[in-house]
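Peer 1: Okay, predicted coordinates and the sequence, questions at the end:
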Amino acid sequence: MSADSPIAELGETPIVPAHVDAAFVSNEVSRVTEHRAPIGWWLVFGTALIALGILGLSVGYLIWNGIGSWGNNSPVAWAWDITNFVWWIGIGHAGTLISAVLFLFRQKWRTSINRFAEAMTIFAVICALLYPTIHVGRVWLLYWALPLPNQMSMWPNFKSPLLWDVFAVSTYFTVSLLFWYVGLLPDFATLRDRTKNLLRKKVYGALALGWRGSNRHWRNYERAYLILAALSTPLVLSVHSVVSFDFATSVIPGWHTTIFPPYFVAGAVFSGFAMVSTLMILCRQVFGLKDIMTMKHLELMNKIMLVTGSLVGYAYAMEFFVAWYSGNEYERYVFFVSRATGPYWWAYWTMVSCNVIAPQLFWFKRWRTSIPVMFAVSIIINIGMWFERFVIIVTSLHRDYLPSAWGMFSPTLIDIGCYIGSLGLFFTLFSLFIRWIPMIAMFEVKAALPGAQPSHHGAHDQEREGHGTLAAKEA
Amino acid sequence: MLGVPPMSTEKTPLNSGRVIWRSLEEKEDPSRLQAEACGSDVVKQHVGPQELFQLNRRKFMTLSGSIATLAGVEGCIRRPVENILPYTDMPEYVNPGVPSHYASVLNVAGEAVGILGTSREGRPTKLEGNPDHPTSRGATNLWVQSSILDLYDPERLQAPTTGGARSDFAAFDKFFSDKLNALRAKAGAGLYILTQPSNSPTYLRMRQLVVDKLPLSRIAVYSPAPQSAAREGARLALGAPAHAVYDFSRAKVVLALDSDFLGTEPGSVLANRQYSTARDMESSAGSPNRLYSVEPTLSITGSNADHRLRLPAQDVARYARALAAELAATGVELGQVAGAVRGSSVEGIPEPWIKAVARDLVKNRGQSLIVVGPRQPPALHALAHSLNRALGNSGVTVTYTEPVDAQEPENFDSLKNLVAVIEAGRVDTLLILGGNPAYDAPADLKFGDALKKIPTSIHFTSHLDETGSLTTWQVPRAHDLESWGDQQSTRGDYSVQQPLIAPLWGGRTDAEVLALVAGEPNWRAYNLVQGTVEKRGFRGELAWRRLLHTGIADTRFGAVLGTAPLRDAEIAAAVQKIGTGGPLTENTFEAVFTLDNKLYDGRYANNTWLLELPDPITRITWDNAALFAPSTAKKLGIANGDLVRITRGDVSVDIVAWLQPGVAAQSIILPLGWGRTAAGKNGNNKGFNVYPLRTLASPHFITGVTVAKLDKKYPISQTQDHDSMEGRPLAVDATLAEYKDTPNFPEYKTPDPAFGPLWKMPDYSQGEQWGMTIDLNVCTGCNTCAVACQAENNVPVVGKIEVARGREMHWLRIDRYYLGEDADEPEVAFQPIACQHCETAPCENVCPVAATAHSPEGLNDIAYNRCIGTRYCMNNCPYKVRRFNFLNFNEDVPETRQMQFNPSVTVRFRGVIEKCSYCVQRIEHAKIKARTEGRVRIRDGEVVSACAQACPTGAITFGNINDPNAVVTKARNRDRNYGLLAEIGTRPRTRFLGKIRNPNPELKTVKA
């Protein structure tokens, strides 16, 4: 019997509409890579390429002239660079969560969006990795942060949270990439098999690593996927926890906070889902995939956003409570004066409005299932989560212990260029992905279709009990 | 915690178990041999990562081997081109890498300051005070520290020029001697010489020689920052020209009347030292002095005062008269002066300020002191002399000496007469020896216009400045550090100024020019100085060498004038004329010209260290500003950064307005010395020139100016824009009574944490452990340490825009906070902040590449070469002392400027962090010296950080805190000690001693 069949008594319905069958899925998903791209794709890709060009120029200028090209200063030694880093890393969280955690929990609805989310994770992590790379003063010596043997007997400093970051993020990237690629094998094989174009055949054939869909292949695949899922699951928690250690282990009021790891993870899932939602809605419109990425998917995602958004709101409140309760005057200043009413009050209240108030719309089914509303909210959440990182980093730094050293931060054109540019990098990669790689895990969706569940026995029992759709069809 | 062993000390990574050894000793005990090789117990102290994480290389490599493929991108490093050029002929006294020191003397703000110049391979790189010289006692001030940069200014005049074209000395000499021959034939008729006031006996001898040889020539003496009021005042009181020499160390009560004796006045180095002696809790045996200050602007002196009365400059005399009257009424014998001071208006002066101060002065008869600033009229100086005499202070806290230059003419009259004769067409040739009168002369003299009318004018100058561009010839004038000369201090100490380097551009000194004019055959300064020295009784080679070696003559010149009765009648007559009016009416404003705390009268305008140095009070860099009392500004609708037009008659000046707590309500403070147009590329058009408002009749303050707000803003760069401590225990202070009640008062505000650090601490009880103590009680905020640090440590200058962005590089900054509720009546707290060298430094554990780490001697070191510039340490430093090279601030350093660089300190490239190193290069020099002398330990006082050495008040002490007898140990064991932000557990090595304020209980609550 299948544990993930819809439970009719609970009002559950199949995730995809009844007319969707295996062939439909293959055709619908593959045609995106096989036919000419619609104008919408060209618009997105073109814009993204321009932004990517801006990135190249900005980063070139930055590396040529030094970090002074940005607005960073003393006391705000980290600003947009690390804000963007944490933002992208946070976005990258949804992929693993959807792929690994939901896989382990047998949430079959994930199948329509997991490929997509994983790709987004990889591209987001690439964007994230850009910032720690270019934010150092001497980029050409960055490899010193890696534990490479050298004639000076110098190890990196294993006490430094930045080094933990190096390990955490690179591990995350590696595992995510492997996970994504392993998941792609059967679909690459599908594309290979469908095409008559020799070049496509060769390329997809090479990418498919000789996948033939034999029982043995499937067996190995399932095992590998399960192992990778199990490996990835702790990473969902660990990566952003480690990123939060960059702040939590410091002495700066506003950073030195024990709730940071769960707070950051919740925020990461929150922002990741928002980004997936944004992208899904776009792709759904552009490529007409409404039958595979259904309203049900979107609604479920909105529910998760509601939960994580409320978690984040709770964390915001806790920060204030702890600052008050601790009696630490520096911490009280950071929260009650600096954040709430200081020079950057607008950033703080933007963050609260976007992250806590906006998702509350999703309590109502009408708004939860309205495409324009959810698109707007997902964008607002993305903005809000960027501001969260900005608030944590800049407002904590700009007024810490000694008032004599207080200062302000204002971004330069290069700051803006590097940010816009990273969006360009992301969307360039993403556009290429949806154009050339099946953006939906075809075989997984097929496995979640009504009737796809293996049922070697007891089908009629199920039918009597009213559970088995496959059995019903067979009958 | 985590950590892995240094790879090279690993035992046989490939064949674990097989021991590789080079000798039998090593085989027996490899670690012992290694320890011996390192020559100390350092190895054992070193917290071996071995203890921390048992992970051998092989295991680690198995885990992370694939990462190694990322190696191999090292090709992109820019390495400087280095040439090693050995001496072919080794100079006798030059040891590469070992600096030599030469005693000399500098004239700073009108006073001789004995210095020791540090010379490295023939290049002077740093100036220190001469410990044997009474006016410096080893200390300096910011102008001494920064003059080394002026020496190397690439924009100095490099050859004689005429008519806008470069000439050379041969051509000039020919022209000059022809000219002089012609003038000599006329006994000097038509020859005028404009010089600056000088304390140099050689210069004065030459001046006299010119007068003797060319009787028809005339000499004028002008400086925009004259001491003539003080001289006239003394002359008035004593009947003969005299210097008043103060001894603040013996004064229990000091009343400063518009006087900035700790700042811009002559002899501030010594004054600071003496003031701190009387202020210091230990040397004053628990009863520190009390300083009252009455002034229009918040000066360095005023900001240190226990009580400060802000009064317009014109009312200071009125206050003095009222005080004198009160003193006379309480029985102080003032003779005829008592009658003269009676009946002046006391409107606007709080009564306790008269009564309580008078009582305090009387109570401290014989150990009080009233000083008057150079802005105030001579009569007020005379009145102060009279009061000091009556209070029994004469001969104790104030003595009078015969001035070096008894014939010095009155400053402004002198220039006025010169302009008059120019206008009359009687000047054929004018020699201007230094100075920049076209810029700084009183505006109504129109000196620049007059200058154009002279057929031959020769400006001996360091730069082609505003004056030089109007003269027919411009000739390089030698810098004091590259020429022979001499100086006599106001106390009468005689020193020879010996060059530390040959003139970079072949300049002439003033004495040389005068000697040439007089036709002296041996006109070289060396011969002239030797002549003076011989005339002063130092005969023979030995005496000459001794003079050069010690930098100070063992006999004092300048006779101490006796305690003959003062000329009461003259004083009374003069005093009757001052302070007669009432207070300024509501909307009348007074403009007060102040010497700038950094640029002085404008002579240091091209010095980037001083330009970028934040003003000690306003914290403004790269600009000056018209200072307004906050309440006045509010009334006028002026905010920080507004441009305002200050008009007097038909002259007006546009200047940026700044709200300065502590400024008198009706005073507008206009710092001089800015807005230069021909200072050089650094100094040009920085700030605003207020000299146009200055007239001959009222060169110091003028009443009746009008202020109009312009509809424009002007950006100002400050290094500190938040003035409040927000109630945090940072610069901790207490009153004397509170201190007596709770001597360890800072401990209650910023306690050291009761629990220890999480990790096992290294053993800091052994060997040399460096520490610093800063006594906030005697720190006057004078900025000397900040410049000294910049000079010692090759700290770059970043410019106004980068300062505005918060990227200044100063390793040592002086935080200035205001206390109190009333924005107009602030109490001021200064706090020098450099790296605190925390024992559990938050910056160290966050560095991913371990570029910053602790030395076994407790130093928080940075390996610049290792730094990749993540700036995490900068974020995590609670004191925000770490500086980051956001851009390449050392790009295109001029060649001459490079000569100043301290070769013992790395010049940092962009992208790395830097900060105070406790002058580690000095520690290492001392260690090398000790080791070569066969000593294991460095003696106390052998290592002094640049800031501690320069500090004129001795507020900063540095040394080995493991030495129980070291000065620093004694200082840090005092009851008032605390660690800044100690409660967060950083265990700072720098400790502060809380400031003690000594308010007069009778005056406590009085505010003007």
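Peer 2: Thanks, I have the structure now. Quick caveat, the model's predicted, so the values are computed rather than measured.
Peer 1: Tell me the buried residues in stretch B:84-99?
Peer 2: Buried residues in stretch B:84-99, defined by neighbour count with 16 or more other Cβ atoms under 10 Å in any protein chain shown: residue B:99. Just so you know, the C-beta spots here come from the backbone N, C-alpha and C atoms, and that holds for glycine as well.
Peer 1: quick one: terminal-to-terminal distance for that stretch?
Peer 2: In stretch B:84-99, first residue to last residue: 19 Å (Cα to Cα, to the nearest Å).
Peer 1: Domain map for chain B?
Peer 2: B:7-69, B:161-225+B:409-484+B:502-540, B:243-401, B:598-718, B:733-757+B:768-997 (automatic domain parsing).
Peer 1: Tell me which of those is the most buried.
Peer 2: domain B:243-401 (a mean of 23; mean count of other Cβ atoms under 10 Å in any protein chain shown).
Peer 1: just how off-centre is that one within its chain?
Peer 2: Centroid separation between domain B:243-401 and its chain, computed with Cα atoms, centre = their mean, to the nearest Å, is 24 Å.
Peer 1: any residue of it up close to chain A?
Peer 2: No - using Cβ under 8 Å from any Cβ of the partner chain, we find that domain B:243-401 stays clear of chain A, coming within 15.1 Å at best.
Peer 1: picking that back up, mean pLDDT added to the domains of chain B, as JSON lines?
Peer 2: JSON lines is the format used below for these (pLDDT from 0 to 100):
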{"stretch": "domain B:7-69", "mean pLDDT": "53"}
{"stretch": "domain B:161-225+B:409-484+B:502-540", "mean pLDDT": "90"}
{"stretch": "domain B:243-401", "mean pLDDT": "90"}
{"stretch": "domain B:598-718", "mean pLDDT": "92"}
{"stretch": "domain B:733-757+B:768-997", "mean pLDDT": "91"}
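Peer 1: Nearest to residue A:45, out of these?
Peer 2: domain B:7-69 (32.4 Å; Cβ to Cβ).
Peer 1: Of all the domains of chain B, which one is nearest residue A:64?
Peer 2: domain B:733-757+B:768-997 (10.4 Å).
Peer 1: End to end on the closest one, go ahead and measure it.
Peer 2: Taking Cα to Cα as the criterion, the two ends of domain B:733-757+B:768-997 lie 7 Å apart.
Peer 1: circling back: looking at the domains of chain B, which is nearest to residue A:136?
Peer 2: domain B:733-757+B:768-997 (4.8 Å).
Peer 1: which intervals of the stretch 1-150 of chain A have sub-threshold pLDDT?
Peer 2: A:1-8, A:10-16, A:18 (pLDDT under 70).
Peer 1: Please tell me how far the one residue in the stretch 51-200 of chain A that gets nearest to chain B sits from residue B:871.
Peer 2: Among all residues of the stretch 51-200 of chain A, residue A:137 sits closest to chain B, at 2.0 Å; criterion: Cβ to the nearest Cβ. If you measure residue A:137 against residue B:871 using Cβ to Cβ, to the nearest Å, the figure is 7 Å.
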